[in-house]
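**Q** Quick check, what structure comes out for this input:
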Amino acid sequence: MRVFVAGATGVIGRALLPQLTAAGHEPIAMTRSPEKAGALREHGIEACVCDAYDAERLARVVAEARADQIVHLLTDLPEEINMRRFEQETASTGRLRREGTRNLIAAARAAGVERIVGESIAFAYASEGDRVKDESAPLAVTTLPSVAEPLAELERQLLEVGGIVLRYGQLYGPGSSFTKDGSWARNLRRRRLPIVGEGAGVFSFVHVEDAASATVAALEQRGPAIYNVVDDEPAEIREWISAYTRAVGAPAPWRVPAWVGRLAAGQVAVDMMNELRGASNARIKRELGWRPKYASWRQGFEQALG
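**A** Numbering: from 1, shown residues only. So this is what the prediction gives:
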């Protein structure tokens, strides 16, 4: 099938395009950058240049693509987020999740494309109750509104048109912030990333190649549906950080009390370190038969950080 990928040059998109081709699909890659579109064409990928906020042009390029399905991977995040400016740093992606989603769905409808898969995240669950959440758990719309409210709106729009929502876990591997030279590794080497408080926040990771393979699997599924796309081993930061520091050659992080972390990095950083909830992949494994190549971050950190 012909698959229109909006946000094709992001972390997941770069891993997805070759997997689509290998599975016998024809990807059409959308990017805002003429240079990136040119590079894609040099590698044999059909590409178009469009800004998701340009609704008229977006409708044209989706129609011209003659797509059977759309994959929505639109984000606009900086390489490294300043946690003290968290709301400002995530505002652009929040707008894309609201307005870009609306424009993309309108373009799909106008072109007669009935199926759409869209990117959400699996680490915005409300910090209450169980430490590991399934897809029925509420998002943190009251405690983390700058992230969770746009996510809730994106998901609502997609589900209303029978779409598939993929809540990806913390991405690691090539192009992500979790690589041997990514922002987490750089900050750990500089001793700028201490464990704050108990370090009991639960992270659910997924390798970028596994995120892409789950996306390919979702193309065969009818919506509406939501799936967590994470590996098999949610883990507290105080547990996985030692494996990551070994993999990137960084010293063990300092430990500081929560009040110090709050002064240095703000409340969001403290909450992430201590209150973050993990996610269960039981549903996607059961309903789509998906299995991550890297079943645990333990294996992935050793073999495939990039």
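**Q** C-alpha only now, for contacts and for neighbours.
**A** OK.
**Q** In which helix or strand does residue 184 reside?
**A** Take DSSP states H and E as the rule and residue 184 turns out to sit in helix 183-189.
**Q** chain center to that helix, what's the gap?
**A** 20 Å (CA atoms, centre = their mean, to the nearest Å).
**Q** Contacts for that helix next, please.
**A** Here helix 183-189 makes contact (CA atoms under 8 Å, 6 or more residues apart in numbering) with 79-80, 177-179, 193-194, 245, 248-253.
**Q** got it, and stretch 204-215?
**A** 11-13, 15-16, 19, 117, 122-123, 166, 168-174, 176, 229-231, 233-235, 278-279, 290, 292-294, 296-297, 300.
**Q** Now intersect those with the helices, please.
**A** 11, 12, 13, 15, 16, 19, 297, 300 (DSSP state H).
**Q** Let me have the residues you listed in CSV, extended by distance to residue 143.
**A** Shown next, in CSV, are those (distance: CA to CA, whole Å):
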residue, distance to residue 143
11, 27
12, 27
13, 30
15, 32
16, 32
19, 37
297, 28
300, 31
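**Q** any chance of those residues in TSV, with neighbour count and distance to residue 268 too?
**A** What follows is the ones in helices among the contacts of stretch 204-215, written out as TSV (neighbours: other CA atoms under 10 Å; distance: CA to CA, whole Å):
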residue	neighbour count	distance to residue 268
11	22	24
12	25	25
13	25	28
15	20	30
16	26	31
19	18	35
297	25	24
300	21	27
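**Q** Would you mind writing the ChimeraX command to select the buried ones in the contacts of helix 183-189?
**A** Paste this into ChimeraX to select the buried members of the contacts of helix 183-189, with burial taken from 16 or more other CA atoms under 10 Å:
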select :177,178,179,193,194,245,248,250,252,253
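**Q** Rank the contacts of helix 183-189 by pLDDT and give me only the lowest.
**A** Least confident by pLDDT among the contacts of helix 183-189: that is residue 80, with 53.
**Q** circling back: filter the contacts of stretch 204-215 down to just the buried residues.
**A** Buried by 16+ other CA under 10 Å: 11-13, 15-16, 19, 117, 122-123, 166, 168-174, 176, 229-231, 233-235, 278-279, 290, 292, 294, 296-297, 300, out of these.
**Q** Quick check: residue 148 touching residue 123?
**A** No: counting by CA atoms under 8 Å, residue 148 does not reach residue 123; the two are 9.6 Å apart.
**Q** ok, which stretches of the stretch 1-150 of the chain are strands?
**A** Secondary structure of the stretch 1-150 of the chain (DSSP state E, counting those that start in this stretch): strands at 2-6, 26-31, 46-49, 69-72, 115-121, 132-133.
**Q** where do the helices sit along this protein?
**A** With helices called from DSSP H, the chain shows them at 11-22, 34-42, 55-65, 86-95, 101-111, 145-160, 183-189, 208-218, 237-248, 258-265, 267-275, 282-288, 297-303.
**Q** Buried deepest among these, which one?
**A** Comparing the helices of the chain by mean neighbour count (mean count of other CA atoms under 10 Å), helix 208-218 ranks first with a mean of 24.
**Q** how about that one as CSV, C-alpha atoms only?
**A** Output of helix 208-218 as CSV, limited to C-alpha atoms (Å, rounded to 0.1, in the frame of the first residue of the first chain):
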residue,chain,number,x,y,z
VAL,A,208,13.5,3.3,17.6
GLU,A,209,13.5,0.2,15.3
ASP,A,210,10.9,-1.4,17.5
ALA,A,211,8.8,1.8,17.4
ALA,A,212,9.0,1.6,13.6
SER,A,213,8.0,-2.1,13.5
ALA,A,214,5.0,-1.4,15.7
THR,A,215,3.9,1.3,13.3
VAL,A,216,4.2,-1.1,10.4
ALA,A,217,2.1,-3.6,12.3
ALA,A,218,-0.5,-1.0,13.2
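**Q** Next, the angle helix 11-22 makes with that helix.
**A** Angle of helix 208-218 versus helix 11-22, following axes from the mean of the first three to the mean of the last three CA atoms, to 10 degrees, is 60 degrees.
**Q** Helix 208-218: how far from the chain's middle?
**A** Centre-to-centre, helix 208-218 and its host chain are 11 Å apart (CA atoms, centre = their mean).
**Q** How about stretch 141-153?
**A** The answer for stretch 141-153 is 15 Å, by CA atoms, centre = their mean.
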